[in-house]
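Novice: Pasted the sequence and its predicted model underneath.
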Amino acid sequence: MSETHDEKAPSEGMAGPTNNQDFGLVGKGAGFIPTGDANAMPEGGSQGKRDGRGRRFVVRTLVPLLVLAAILGGGYFWWSHLRPVQVTVNGTLQRVTVGTTIDQLKSDEGIQTAPGNYVSVSGNILAEGEGYPYSVIVNDKDMDYDEASAYKVSGGERISVGDGKDRMEPYTTETVNQPPRLLMDGNVGAINYISQWGATTVKDVLTGQESGEQADGTVYQQGQDCVITVKDVKPTGSQKLVALTFDDGPSRYTGQYLQILKDKGVKATFFCLGNEVDANPDGAKAIVDAGCQICSHSYDHPDLRTSDAQTVLDQLRSSFSSIEGATGVKTTAFRPPYGSFTQRTWLSTQGAATVAVRWDIDTEDWKQPGADQIVSNACADVHSGSIILMHDGGGNRDQDVEALPQIIDTLKSQGYTFVTIDELMASDSSIPKEVASGNYPMPADAVWPTELGDA
């Protein structure tokens, strides 16, 4: 028997489906889930269980890591900031905290230091006690104050703390080229020669902003002054050497002098005038051919001490040129007319001459006192290294021609050997060989002075 069952209406009090929406069952005993929201999960479902397990895992893992980090961080802080270390301070072993500064060290160890002064660029005191408060040497390294004040102890150092250094005023810096000066080394002597050529100095010059004083700073190229040495010739050892010299030629007497010298087997030096060489080139060449030395006596015998700079230079260059043209001999040796030559005159030469030859024995033949007196004057005070002055031109020289053989014989009998000026200079080991050669041109890299130094 069949029965027809009508769908029962929901019980009273139970909410029914809305909008004719069906419900299905998910899992045994599970609640109703609307089929239109399949992602929704009931509270206390399986997703909630997974979240709980994740949180517990994170907590179990993170907490030990945080504890370890705290321990390591604390250890690092202790190692870098609180760890005790040993250092040697002013010769005494001390135990201090790592990272201690020099200021803390001074305070903790009771180290007393005196400050330096505030000074000008020249070192003059501008304010006492206003320099740096202390100085520091760490492991033999001298620190400047800024470095020392920021220094922190790491352990094991040897530290010396002392009085402060001076602090210099602010200054400006200018790089300059300083030319050499002309200096004289010695005051009295028959030989003047260039013993040192000049060179330019390149350096910084500091100008104090408060004092206005100037002082040298960094030197980039060290130059040197030009030096003229003044001395008498002193032959080494027991040599007895003397030099005969004749001025103002060549003249009509030159040949007679050369014959006497040849007959006696001696040599001499002739200081010739450029204009006389031009007028008598054969006489100049005869001097060289005889084995004697030829040098300049200026071109036409002015007093170079009272001449302007250009005249001095022209007199030297012209006479040197005349001698070379007539004889082929290059020389930078000369005798100043009247023996008159000063430091300022040297400055005017521009390096054209390198040795000036005076004399220490004057025969005074220019007075024409008679042959016997000329002989007496020549021989009276002779010593080894003497330079005897006689004349070739400039007047009547008959008395000189008569006196010359007697002078030679007298000095030979006293054990003297006659030499030229270059040979005489070469006998003195203190005179450079280049100077002694009689021809020592200014080197290409030398710089001639523009001003005088202390005489």
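Specialist: Thanks, I have it. Numbers count the residues shown, from 1 in each chain.
Novice: rest of the way, CA atoms for contacts and neighbours
Specialist: Fine.
Novice: Skipping its backbone neighbours, what lies nearest Y134 in space?
Specialist: Excluding its sequence neighbours, the residue lying closest to Y134 (C-alpha to C-alpha, 6 or more residues apart in numbering) is G164, at 3.5 Å.
Novice: tally of neighbours for that neighbour?
Specialist: Burial of G164 is recorded as 20 neighbouring residues (other C-alpha atoms under 10 Å).
Novice: Repeat that for L93.
Specialist: 14.
Novice: In this structure T88 contacts E157, no?
Specialist: Yes - with contact defined as C-alpha atoms under 8 Å, T88 counts as touching E157 (6.3 Å).
Novice: thought G217 was touching V202?
Specialist: No - assessed by C-alpha under 8 Å, G217 is found out of contact with V202, at 10.3 Å.
Novice: picking up where we left off before, thinking the residue nearest to Y134 is in contact with E128, fair?
Specialist: No - contact between G164 and E128 fails when scored by C-alpha under 8 Å: they sit 11.8 Å apart.
Novice: what is in contact with those two at once?
Specialist: G116 (C-alpha atoms under 8 Å, 6 or more residues apart in numbering).
Novice: what residues are up against L183?
Specialist: Taking C-alpha under 8 Å, 6+ apart, one finds 225-228, 343, 452-455 in contact with L183.
Novice: can you tell me how far it sits from A353?
Specialist: Distance of L183 to A353, computed by C-alpha to C-alpha, to the nearest Å: 16 Å.
Novice: hey, where'd the helices end up in the chain?
Specialist: Along the chain, counting by DSSP state H, helices occupy 46-77, 102-109, 145-150, 254-264, 274-279, 281-289, 309-327, 343-348, 371-379, 398-413, 421-426, 433-436.
Novice: got the buried residues for the second one?
Specialist: The one in question is helix 102-109. 102-103, 105 (16 or more other C-alpha atoms under 10 Å).
Novice: got a list of contacts for that helix?
Specialist: Contacts for helix 102-109 (C-alpha under 8 Å, 6+ apart): 111-112, 148-153.
Novice: Low-confidence ranges, the protein, go.
Specialist: 1-61, 63-81, 455 (pLDDT under 70).
Novice: Now rank the contacts of L183 by neighbours and give me the top one.
Specialist: Most surrounded of the contacts of L183: other C-alpha under 10 Å gives C226, at 26 neighbours.
Novice: related to what we said a few turns ago, what are the phi and psi values at the residue nearest to Y134?
Specialist: phi -70, psi 160 (degrees, to the nearest 10).
Novice: need the contact list for it.
Specialist: Here G164 is in contact with 113-116, 131-135 (criterion: C-alpha under 8 Å, 6+ apart).
Novice: Relative to V121, which of the helices of the chain is closest?
Specialist: helix 145-150 (18.2 Å; C-alpha to C-alpha).
Novice: Settle this for me: Q221 is touching P179, isn't it.
Specialist: No - at 11.6 Å, Q221 and P179 do not qualify as touching, with contact defined as C-alpha under 8 Å.
Novice: if I look at the two, which residues touch both of them?
Specialist: 200-201.
Novice: Please work out how many residues are found near the residue lying closest to A199 once chain neighbours are set aside.
Specialist: Distances taken as C-alpha to C-alpha, 6+ apart put G223 closest to A199, at 4.5 Å, once the chain neighbours are dropped. When neighbours are counted by other C-alpha under 10 Å, G223 registers 20.
Novice: and if you look at Q399?
Specialist: 18.
Novice: Same check on the one 10 residues further on?
Specialist: Around D409 there are 12 other residues, counting by other C-alpha under 10 Å.
Novice: Then V138?
Specialist: V138 has 17 nearby residues by other C-alpha under 10 Å.
Novice: could you list every residue that touches the residue nearest to T342 when sequence neighbours are not counted?
Specialist: Excluding its sequence neighbours, the residue lying closest to T342 (C-alpha to C-alpha, 6+ apart) is R305, at 6.4 Å. Listed by C-alpha under 8 Å, 6+ apart, the contact set of R305 reads 340-342, 344-345.
Novice: Please report the distance of D108 from V96.
Specialist: With C-alpha to C-alpha as the criterion, D108 and V96 are 9 Å apart.
Novice: for I125, same thing?
Specialist: 37 Å.
Novice: What of L304?
Specialist: Taking C-alpha to C-alpha, one finds L304 at 79 Å from V96.
Novice: who has more neighbours, the two?
Specialist: L304 (23 against 20).
Novice: In contact with the more buried one, which residues are there?
Specialist: 311-312, 336-337, 340-341, 345.
Novice: Looking at the residues you listed, state which has the most neighbours.
Specialist: Highest neighbour count within the contacts of L304: V312, with 24 neighbours (other C-alpha under 10 Å).
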